[in-house]
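Undergrad: here is my input; please provide its structure:
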Amino acid sequence: MKMNQTGFLTRVAIIVMLSTAVGCLADNPEESGHAEHVIPEHKPADFVSAVEQLGIRTVDSSTEDTEQRQQLTDIVGWLPELAAQTDLPKADWDRIQDLSEKYQTLAIQQDTELLIQEIQTDLDQLKQLAEKAIELDTFNTYDQKELTDD
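TA: As a prediction, this is how the structure comes out:
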């Protein structure tokens, strides 16, 4: 028995649809490979917002608050990823990567006071990089306010 090409393609399409539907029937989304990626509420939308958040979070930050400390650690960890979404040159991204690694090392050592102090020391440099990102970036639309010491 010879099958024509249209009949073969129809059967393949039905098999593909059925196998896809079976994967969606799982009770637990992680079992089916369709787990949702959850973006934390405290993740800044972009590099400029991350720098602003660092400025805010290091002014009156409690070194005893575990949740705030973890959020600060998360934000410094996201700096290279967020900077990579800008048009900053590689040398600037490398500098941001170096700063992020320095901050993460302090966070791992759980020296929150020194972490905050280092961020505050580097904040002007980070603000300059954020301003440069605003000037260079043609794809993102940032709030056009300047990053200043409020």
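Undergrad: next, Glu64: secondary structure please.
TA: Assigned with DSSP: H, G, I helix; E, B strand; the rest coil, Glu64 falls in the coil class.
Undergrad: residue contacts, it?
TA: Applying C-beta atoms under 8 Å, 6 or more residues apart in numbering, we find Glu64 in contact with no residue. Backbone N, C-alpha and C define where each C-beta goes, glycine included.
Undergrad: from Gln53, how far off is it?
TA: Distance, Glu64 to Gln53, using C-beta to C-beta, to the nearest Å: 20 Å.
Undergrad: same deal with Lys43?
TA: Between Lys43 and Gln53 the distance is 9 Å, computed by C-beta to C-beta.
Undergrad: between those two, which contacts overlap?
TA: Listed as contacting both Lys43 and Gln53 by C-beta under 8 Å, 6+ apart are Ile75.
Undergrad: in the host helix or strand of Lys132, what's buried?
TA: Using DSSP states H and E, Lys132 maps to helix 112-136. The neighbour-count check on helix 112-136 (16 or more other C-beta atoms under 10 Å) flags 112, 115-116, 118-119, 122-123, 126-127, 129-131, 133-134 as buried.
Undergrad: again, but for stretch 72-85
TA: Within stretch 72-85, judged by 16+ other C-beta under 10 Å, the buried ones are Leu72, Thr73, Ile75, Val76, Trp78, Leu79, Pro80, Leu82, Ala83.
Undergrad: just the helices in the chain please.
TA: For the chain, applying DSSP state H gives helices covering 5-23, 29-32, 47-57, 66-84, 90-108, 112-136.
Undergrad: the ones you listed into JSON lines, with extra columns for distance to Ile39 and mean pLDDT?
TA: What follows is the helices of the chain, written out as JSON lines (distance: least, C-beta to C-beta, whole Å; pLDDT from 0 to 100):
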{"stretch": "helix 5-23", "distance to Ile39": "24", "mean pLDDT": "61"}
{"stretch": "helix 29-32", "distance to Ile39": "16", "mean pLDDT": "51"}
{"stretch": "helix 47-57", "distance to Ile39": "13", "mean pLDDT": "95"}
{"stretch": "helix 66-84", "distance to Ile39": "10", "mean pLDDT": "94"}
{"stretch": "helix 90-108", "distance to Ile39": "19", "mean pLDDT": "96"}
{"stretch": "helix 112-136", "distance to Ile39": "21", "mean pLDDT": "95"}
